[in-house]
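Peer 1: take this sequence and fold it.
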Amino acid sequence: MKSDQELFAKGLATYQKVVAANYMAHSEVYQMLRQVLLDEASDGFVFADLACGTAPGSAAALAGNNVARYIGIDISQPSLDVAKEALAPLTCPVELRCGDFVVAIDSWKGPLDVVWIGQSLHHLLAQDKVALMRKIHSLLPPGGLFLIWEPTCLEGEDREGWMERFHHMRPDWAAISDEEFAAFESHSRTSDYAETAATWIGMARDAGFSTANELMTVPNKLARVYRFRH
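Peer 2: Modelled structure (predicted):
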């Protein structure tokens, strides 16, 4: 029986392979995030990176931006240990908190200007997604930004349909083994709840955001990036 630490290390290694091969379009997504922050974030903004993981994409997106403070939250301390190194080049104060991002937002204290969630909001059920969005809306100032990158069903497609499209990505993921892909797929089937673009946008509007729109669809069409403005 493998220990939790061994299982985590194996899963992290697989995910890092996926990132390195750009199978989920990390490169394109974080380039877009960088440009949005350059164009739209307020001077000296506080950036919250929810479920930040090892944070290489966020570190690259924030380099050269006028960020005053970075706060990364993740449930995995080993991921945060790696993130500390990735974020070291930033010139602003960096704070890393180990914990569940839903709990962190629910008890948030202090200023906040931009919130980013990449590939993690979809783990929540629909009512919990909306509740978190409402809380984030209440924390952001006028003009504040909430940006998400999340699995997205095609219009008329259900969760099973999205899973089937993911399954058919296997031939394109040549850098990982069948066992690694199966673990990825098993995680998706037990933990992922993709929404349609209309539902993601509708949830944000229900939460009080005055602007809610789609910024990009990734090349494999499995996920999209959305911008919600206070």
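Peer 1: what number of residues lie near D43?
Peer 2: The number of residues packed near D43 is 8, by other Cβ atoms under 10 Å. C-beta here means a position set from N, CA and C on the backbone, and glycine is covered the same way.
Peer 1: three-state assignment of it?
Peer 2: In terms of secondary structure, D43 is coil; the call rests on DSSP: H, G, I helix; E, B strand; the rest coil.
Peer 1: show me what contacts it?
Peer 2: By Cβ atoms under 8 Å, 6 or more residues apart in numbering, the contact set of D43 is N66.
Peer 1: tell me the pLDDT of it.
Peer 2: Confidence at D43, expressed as pLDDT, is 89.
Peer 1: one more: S138?
Peer 2: 97.
Peer 1: for it, grab the count of nearby residues.
Peer 2: 12.
Peer 1: N220 now?
Peer 2: Here the number of neighbours of N220 (other Cβ under 10 Å) works out to 14.
Peer 1: give me phi/psi at it?
Peer 2: phi -80, psi 0 (degrees, to the nearest 10).
Peer 1: contact partners for the residue lying closest to it once chain neighbours are set aside?
Peer 2: Once flanking residues are discounted, N220 sits nearest to M169: 6.2 Å by Cβ to Cβ, 6 or more residues apart in numbering. When the contact criterion is Cβ under 8 Å, 6+ apart, the partners of M169 are Y23, N220, L222.
Peer 1: again, but for E28
Peer 2: E28 makes contacts with N22, M216, V218, P219, as judged by Cβ under 8 Å, 6+ apart.
Peer 1: show me those that map onto strands.
Peer 2: Among those, the ones falling in strands (DSSP state E) are M216.
Peer 1: now distance to F101 too, for the contacts of E28, in TSV please.
Peer 2: Supplementary listing: the contacts of E28 in TSV, determined by distance: Cβ to Cβ, whole Å:
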residue	distance to F101
N22	25
M216	23
V218	22
P219	27
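Peer 1: just the contacts of M169 now: which is nearest E155?
Peer 2: E155 has its nearest neighbour among these in L222, at 14.5 Å by Cβ to Cβ.
Peer 1: thank you kindly, that will do.
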